[in-house]
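Peer 1: Sharing a model prediction with you, sequence too.
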Amino acid sequence: MAIEGIKKVHIVGHSQHRDSVVGLLQKLGLVEITDLKEIPTAKDYEEFLVKEELRDEELERRAQNLEYAINYLANFEARGGFLKTLLPSKPMVEPEELRQVIERFDDRAVYESCRRVEEDWHGLEEEERRLRAQYEALLPWRALNLALEDIGPTGQTYTWLGVVPASSLDSLCEELSRDCPQTHVEVVDDGPKLTYLMVTYHRLVTTKAQELLKRYGFTRVEFPHLMGRPSSIIDEVSREIERVRAELRALEAKAKELAKARTKLMVLCDYLLNRTRLKKIQNYFAQTRSTFMIEGWIRRVDVKRLEDRLLKKFMELEITVTDPARDEVPPVELTNRRLIRPFEMVTNIFGLPSYNELDPTPLLAPFFMLFFGLCLTDAGYGVILALLAWVGLKKLKLGEGARRLLRLLFLAGIATVCVGLLTGGIFGIDFEQLPHRMGWLRRLRDGLIIFDPLKNIRTFLVVCLGLGFLQVWFGFLLRLYKEMRRGYCWGAILTHAPWLVLLPGLLAFGLTKAGILGETWAPLAKMMSILGAVGIVLFHGKEKRNIFARLGMGLFGLYGIIGVFGDILSYLRLVALGLATSVIAMVVNMIAGLAWGVPVVGYVFGFCILVVGHLFNLAINTLCGFIHTARLQFVEFFTKFYEGGGRPFRPFCEETRYTIVRGEV
């Protein structure tokens, strides 16, 4: 339905033009080049295939160096605002800027500078960690009025520094004074958990003193490579730490200066990556000493353009275009109108259709918009959503994927505005509580509203179930159409048409019993239900030759009606999400109204509650609405007719990882 026709193309030319032809193909971006080593008929070209991989190691190494510099300098680049962080955009580059970067920019110097900065940075960080650890180890000993080199044994005594648990200090001192009177204990620092001591004892009481110290958890502290008083060393270490930090700040300033060239690095990296692809893609070719052959896929509408551009420049080329063979699986390219194109991302999430299948995108688009609107049911939220999406499209430089999402949200916002006006939801405002002078707003709202979901939940339930029934029935209709399109007309009619009769019959029968439809419809409803059920029983298992097996399969097929009703009931999630959005909006207004009455700061608090609360409600329900609306398409709709499994059409072209080049170079 909206799947572009794909042709197979063969290009044969002289080897002297190979690089130029491949370069033009990359610039045109029209042909998906096939790897001839991976196709079923590869044996036909085996003697002509490239035996050794072609690559440009110098270009690859240079591109890798650029990627390293880009990633490293990203840590020093100025940060954008919240919106830029949420929706990162690629720099837009003009062709002339690209030429200048390619010709003049010294990327090797920037790369070497990044390497030196990183090495120096790691060295300084390691030095700072070492100095910091030294500083923290010495800090408790700052009050020690003795040089560290003087700590240790003398001719008659031993002097040691150490720590003991603070709770053990008194007991240790008491036992030392009693059992080892030739011992002196000096408390250098008394912390909440540990006490820092200098202990001096005579050699005559060494054994006893060491035994007592060990019993009370004394741990010796040594500074073997330091000399001088701890206070002097601490001051020196502090100065060293400041010196290291100053050098780190200087390196950071240098890195920030280098980061100004990050855009040029990204431009050049994209250019070099495309150059490496030019070489690697030639591994897909078949070639002899004098010729080469390219096989690939091209859109039917691009065939003439390809022939015109190639043959105009290379007269020696031979271009052959054919239809895909019966056993070949062409790639898939969706081509929808501009209004439908954003919904292709929903199809892509599930998977592309196969080449000869229906494109479900235009079929799901109206349902998706309507269901999303029912999930929000608030015109005010729809306006904000559409406005934010529009601003993002106009102000941000985004890739095609992000732009497609914003276009989808813009359309979903418009749908939400329509649904919100018809259901009376505008920022959760209770119009009955508005002042008398604003009665015109209430009258305007009452003139547009069809029903209020909060006051008419039953109506909301019926609407959502009715829409669910419609989409599920439409899915069965598409299944019938798909099978007939494949040439199985009578088989498709016998197998799938009974469902198209049974489902409306059961619905009409239920409506007559509920009193919604008159009794005059009852006979027709019964007849449709019976005919549909009989048709399913008789023809669901038509491929079975045995009559009993066929009837058994038919009864089993009829049992599937339970699953169909389950699918329809799944659409009640629209009711839950729609009511949740409205209720949360009303609660936000109520809380803001309570804050409004607080003197002085009430207006500020109330305004903040309104803004934050409604933005949160919009964000969380937009996410839930998107997820659950997509789920209804994937699980309840697609399962009726859609197979998927298509492979996307990916033409060989100039790809950019970091930048967007405007126009042709």
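Peer 2: Yep, that arrived.
Peer 1: So which other helices or strands are in contact with the lengthiest helix in the chain?
Peer 2: Longest among the helix segments of the chain by residue count, using DSSP state H, is helix 107-138. Helices and strands touching helix 107-138, by 3 or more CB pairs under 8 Å, 6 or more residues apart in numbering; DSSP states H and E, are helix 57-73, helix 230-259, helix 262-280. C-betas here are computed from N, CA, C, even on glycine.
Peer 1: just so I know, which of those lies nearest F649?
Peer 2: Of all the helices and strands packed on helix 107-138, helix 262-280 sits nearest to F649, with 17.3 Å by CB to CB.
Peer 1: Point out where the stretch 451-600 of the chain drops to low pLDDT.
Peer 2: 514, 518, 540-550, 554, 557 (pLDDT under 70).
Peer 1: At which residues are the helices of it located?
Peer 2: 457-485, 489-513, 522-539, 547-559, 561-569, 573-596 (DSSP state H, counting those that start in this stretch).
Peer 1: same check, this time on the stretch 251-400 of the chain
Peer 2: 262-280, 303-313, 344-350, 361-376, 379-395, 400-423.
Peer 1: one step back: can you put the helices of the stretch 451-600 of the chain in CSV and add distance to L370?
Peer 2: Shown next, in CSV, are those (distance: least, CB to CB, whole Å):
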stretch, distance to L370
helix 457-485, 7
helix 489-513, 19
helix 522-539, 27
helix 547-559, 31
helix 561-569, 16
helix 573-596, 9
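Peer 1: nearest to A69, of the ones you listed?
Peer 2: Here helix 573-596 is closest among these (CB to CB), at 47.0 Å.
Peer 1: Which positions in the closest one come out as buried?
Peer 2: 573-575, 577-578, 580-582, 584-586, 588-589, 592, 595 (16 or more other CB atoms under 10 Å).
Peer 1: Go through those and say which is closest to L161.
Peer 2: A595 (60.7 Å).
Peer 1: list the contacts for the closest one?
Peer 2: 602, 605-606, 609 (CB atoms under 8 Å, 6 or more residues apart in numbering).
Peer 1: Could you rerun that using 10 Å?
Peer 2: Going by CB atoms under 10 Å, 6 or more residues apart in numbering, A595 touches 601-610.
Peer 1: burial count for Y481?
Peer 2: 15 (other CB atoms under 10 Å).
Peer 1: how far does stretch 444-454 sit from the chain's center?
Peer 2: 38 Å (CA atoms, centre = their mean, to the nearest Å).
Peer 1: looking at the chain, which helix or strand is least sure?
Peer 2: Lowest on mean pLDDT, DSSP states H and E among the helices and strands of the chain sits helix 82-86, with a mean of 52.
Peer 1: Skip ahead from that helix and say which helix or strand is next.
Peer 2: strand 92-93 (DSSP states H and E).
Peer 1: contacts for that following strand?
Peer 2: So strand 92-93 is in contact with 101, 263-264, 266-267, 270-271, 397, 656, 658-662, 665, going by CB under 10 Å, 6+ apart.
Peer 1: Note down every partner strand of that strand and its orientation.
Peer 2: Strand 92-93 sits in its sheet next to strand 660-661 (parallel), going by DSSP bridges.
Peer 1: With K90 as the reference, name the closest of the helices and strands packed on helix 107-138.
Peer 2: Short answer: helix 262-280, nearest of these by CB to CB, at 8.3 Å.
Peer 1: so which of the helices of the stretch 451-600 of the chain gets nearest I11?
Peer 2: Of these, nearest to I11 by CB to CB is helix 457-485, at 33.3 Å.
Peer 1: what's the spacing between the closest one and its chain's center?
Peer 2: Distance, centroid of helix 457-485 to centroid of chain: 31 Å (CA atoms, centre = their mean).
Peer 1: go on, stretch 55-70?
Peer 2: On CA atoms, centre = their mean, the centre of stretch 55-70 falls 27 Å from the chain's centre.
Peer 1: So which bits of that stretch are buried?
Peer 2: Going by neighbour count (16+ other CB under 10 Å), the buried part of stretch 55-70 is 59-60, 62-63, 65-70.
Peer 1: Would you confirm that H184 belongs to a strand?
Peer 2: Yes. Judged by DSSP: H, G, I helix; E, B strand; the rest coil, H184 forms part of a strand.
Peer 1: separation between it and T157?
Peer 2: Computed as CB to CB, to the nearest Å, the H184 to T157 distance reads 9 Å.
Peer 1: residue ranges with poor pLDDT in the stretch 301-450 of the chain?
Peer 2: 434-440.
Peer 1: roughly how far apart are V244 and K394?
Peer 2: In terms of CB to CB, V244 sits 48 Å off from K394.
Peer 1: scratch that, A525 is what I was asking about
Peer 2: 53 Å.
Peer 1: Kindly report the same for R407.
Peer 2: From R407 to K394 the distance is 12 Å (CB to CB).
Peer 1: Then A246?
Peer 2: For A246, the distance to K394 - CB to CB - is 45 Å.
Peer 1: which of those two has more neighbours?
Peer 2: A246 (11 against 8).
Peer 1: Identify the residues contacting the more buried one.
Peer 2: L124.
Peer 1: okay, now the domains of the protein?
Peer 2: 146-228, 341-457+571-640 (automatic domain parsing).
Peer 1: Comparing those domains, which stretch has the densest surroundings?
Peer 2: Highest mean neighbour count of the domains of the chain: domain 341-457+571-640, a mean of 18 (counted as mean count of other CB atoms under 10 Å).
Peer 1: hang on, V164 in a helix?
Peer 2: No. Judged by three-state DSSP, V164 forms no part of a helix; its state is strand.
Peer 1: begin at 12 from here
Peer 2: Understood, numbering begins at 12; the last thing we discussed is V175.
Peer 1: isn't it right next to D200, touching?
Peer 2: No. Here V175 does not reach D200: they are 11.9 Å apart, not a contact under CB atoms under 10 Å.
Peer 1: Overlap in contacts, these two.
Peer 2: 206-208.
Peer 1: and which of those is nearest L289?
Peer 2: Closest to L289, out of all of those and judged by CB to CB, is Y207, at 69.0 Å.
Peer 1: The closest one and L237, how far apart?
Peer 2: From Y207 to L237 the distance is 16 Å (CB to CB).
Peer 1: One more: R661?
Peer 2: 65 Å.
Peer 1: next one: I437
Peer 2: For I437, the distance to L237 - CB to CB - is 74 Å.
Peer 1: Compute the number of surrounding residues for R115.
Peer 2: There are 8 residues near R115, going by other CB under 10 Å.
Peer 1: can you check L514 too?
Peer 2: Around L514 there are 21 residues (other CB under 10 Å).
Peer 1: Repeat that for the one 10 residues further on.
Peer 2: Taking other CB under 10 Å as the criterion, the count of residues near K524 is 12.
Peer 1: How much space separates the residue of the chain most remote from its centre from T194?
Peer 2: Most distant residue from the mean C-alpha position of the chain: L215, 74.9 Å away (CA atoms, centre = their mean). L215 sits 11 Å away from T194, going by CB to CB.
Peer 1: what do those two both touch?
Peer 2: Counting by CB under 10 Å, 6+ apart, the residues touching both L215 and T194 are T168.
Peer 1: Tell me the secondary structure at G436.
Peer 2: Following three-state DSSP, the label given to G436 is coil.
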